[in-house]
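Quick one, structure for this:
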Amino acid sequence: MSEYTVGLLYPRRGPAGLFGPSCLSCTTLAADDINARGGILGRELAVRPIDSATGVDNVTREVESLLAAGAIDAIVGWHTSDVRRALSARLDLRVPYVYTALYEGGESTAGVFLTGETPEAQIRPALEWLRRERGVGRWWIVGSDYLWARDSAKACARFARGLGHDIAGAAFVPVGTDDFSTVIAEIARSGADGVLMLLLGQDAVEFNRAFAAAGLDDAFLRYSPLMDEHMLMASGADATGDLFASAGYFDSVVTSESMEFGAHYFGRFGPNAITPTSMGESCFEGMLLLESLLTTARSTDVRDIMAGVERVRYDGARGTMGLRDGHTRQTMYLAQAEGCDFDVIDQL
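As a prediction, this is how the structure comes out:
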C-alpha cells in the first residue's frame, strides 16, 4: 500500500523563517509517533516539506502541482494567513487542510481545520488582564502590513471600545522591516502606556532591539500574541523588559501534558535541541488532529471526514482537544519575558 503523504507547509526563509526548524522537528516527532501506532489507516505516513515563504502565488502553484500529481494527500502547517486564504479557496475538498497558526479568525471553508489561537480567545482576555493588573488602557499598535496583523488590529479596536481602552495610534510596516526609527518616535510622543505588537518573526526582533535601544522599555509595556522563545533569544535579554505574550502553549507551561510533551521531544532530539515553541508545537498538534480526523472517519475523503468531525478527539501538549466549527478550543496563558525565557504568570 502506498504512503500517505502530508505536505508540511512552513516558513523556511524570511521574517518567519526562525520558526521553521521547530515546525519541522515537531512534525517529524508527530510523524514518528503516528507511524509507531500503525500509520494512517494502515499506510505509512510520510512528510513532504514545502516552503511557505516563497510568495503566495509561488506557494499556490507548487501545491497545485503536487496535488495534480497525486504527490500529497493532506496539508498541515504553520504559515501566514494570506497563504491560507489563497489555498483554502482552491482546494475544493480535494484533501484535508489543517492550519495550525494563530490567525485573525473567521475561516469557515469546508475541509479546513484550525488549531491556532484567534483574537477573541487570545488577545481580548490578555488586554483585560493587563488593564486590571497593570493599568494599561491606552495602546499604540505596530504591525506587519499583511492580513493577520491588519485584521487583528481591527479586532483590537473593537475590543478597546468594549473594554473602555483607547487606541492612541497605529502603524503598519512592510514585512521584512528593520528600521523602526519613525515608528518609535511616534510611540514616544503618543501618550500611550502600552504597545501592542502584531509583528511577524524577525520584524518583532528588530523592533524589540530598537525599542530598548531608544530607552522606551522603561516607559511602555509591550504585549504580543505572536512571540516565542526563539524571538526572545534573537532580541536579546536586554531588549525584553516588561514584555508580555499570550498563547495556548509555552515551553514553560506546567501541566502534565506539556511536561510529557517536552520530555518526549527532548528525549527524541537530545537535550541541546532547539526549543519546540508554540509555533512548532502547533504543527505537532496539527498532525495529531489530522490523524484523529482520518481515523475517526475511517476514510481519507474530506466529505467523510467532515461528517464525523464532532466526534474527533486527540490528546496533545495542550490537553484533550476537540473541534467546534472547525476550530479547536483551548486554554490560553499569559506569560512575561524573563530575559530569553517566558514565565507563565496566569491562565486567561
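
Please, where are all the strands along the stretch 201-348 of the chain?
221-224, 243-247, 313-316, 319-324, 327-328, 333-338, 341-347 (DSSP state E, counting those that start in this stretch).

now the first one: how far from the chain's centre is it?
By that I understand strand 221-224. Centre-to-centre, strand 221-224 and its host chain are 17 Å apart (CA atoms, centre = their mean, to the nearest Å).

Same check on the second one?
On the basis of CA atoms, centre = their mean, strand 243-247 sits 13 Å off its chain's mean C-alpha point.

Over to the shortest one?
Average the C-alpha atoms of strand 327-328, do the same for its chain, and the two points are 13 Å apart (CA atoms, centre = their mean).

The stretch 51-200 of the chain: helices as residue ranges?
Taking DSSP state H, counting those that start in this stretch to define them, one finds helices in the stretch 51-200 of the chain at 56-68, 81-88, 119-134, 147-163, 181-188.

Out of these, which is closest to residue 26?
helix 81-88 (18.7 Å; CB to CB). C-beta coordinates here come from the backbone N, C-alpha and C atoms, glycine included.

Could you give me the buried positions within that closest one?
81, 83, 84, 85, 87, 88 (16 or more other CB atoms under 10 Å).

now the angle from it to helix 56-68?
Interaxial angle of helix 81-88 relative to helix 56-68 (axes from the mean of the first three to the mean of the last three CA atoms, to 10 degrees): 30 degrees.

any idea which of the strands of the stretch 201-348 of the chain is most buried?
strand 243-247 (a mean of 27; mean count of other CB atoms under 10 Å).

Just the mean pLDDT for that one, thanks.
Strand 243-247 shows a mean pLDDT of 97.

That one - which strands sit beside it in the sheet, and in what orientation?
Applying DSSP bridges, strand 243-247 is found paired with strand 221-224 (parallel), strand 333-338 (antiparallel).

got the angle for it vs helix 119-134?
140 degrees.

So what touches strand 243-247?
102, 117, 122-123, 125-126, 130, 208, 217, 221-228, 232, 278, 332-337, 342, 348 (CB atoms under 8 Å, 6 or more residues apart in numbering).

same thing but 7 Å
With CB atoms under 7 Å, 6 or more residues apart in numbering as the contact definition, strand 243-247 has outside contacts at 117, 122, 126, 130, 221-225, 227, 278, 332-337, 342, 348.

what do you get for stretch 72-88?
Against stretch 72-88 from outside (CB under 7 Å, 6+ apart): 4-11, 16, 19, 23, 48, 52, 56, 59-60, 63, 66, 95-101, 103-104, 107, 109, 112, 146-148, 279, 282-283, 286-287, 290, 300.

Recalculate using a threshold of 6 Å.
With contact meaning CB atoms under 6 Å, 6 or more residues apart in numbering, stretch 72-88 is reached by 4-10, 23, 48, 52, 56, 59-60, 66, 95-101, 103, 109, 112, 146-148, 279, 282-283, 286-287, 290.

residues contacting the residue nearest the centre of the chain?
Compute the mean C-alpha point of the chain, and by CA atoms, centre = their mean the closest residue is residue 101, 3.3 Å away. Contacts for residue 101 (CB under 6 Å, 6+ apart) come out as 78, 116.

quick one: pLDDT of it?
Residue 101 is given a pLDDT of 97.

try residue 34
97.

Over to residue 1?
On the pLDDT scale, residue 1 gets 64.

what does the average pLDDT come to for the single longest helix found in the chain?
Ranked by number of residues, the top helix in the chain under DSSP state H is helix 277-297. The pLDDT scores in helix 277-297 average 96.

Could you check the angle that helix makes with strand 319-324?
Relative orientation of helix 277-297 and strand 319-324, computed by the same axes, to 10 degrees: 60 degrees.

Contacts for helix 277-297, please.
By CB under 6 Å, 6+ apart, helix 277-297 touches 19, 22-23, 26-27, 30, 34, 40, 74, 76, 78, 98, 100, 115, 228-230, 247, 249, 300, 304-305, 308, 311-312, 314, 316-317.

between that helix and strand 341-347, how big is the angle?
60 degrees.

quick one on the thing from earlier: turn the buried ones among the contacts of stretch 72-88 into a named PyMOL selection, would you?
Entered in PyMOL, the line below selects the buried ones among the contacts of stretch 72-88, by 16+ other CB under 10 Å:
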select buried, resi 4+5+6+7+8+9+10+23+52+56+59+66+95+96+97+98+99+100+101+103+109+112+146+147+148+279+282+283+286+287+290
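
closest to residue 136 out of the strands of the stretch 201-348 of the chain?
Across those, closest to residue 136 is strand 221-224 (CB to CB), at 5.5 Å.
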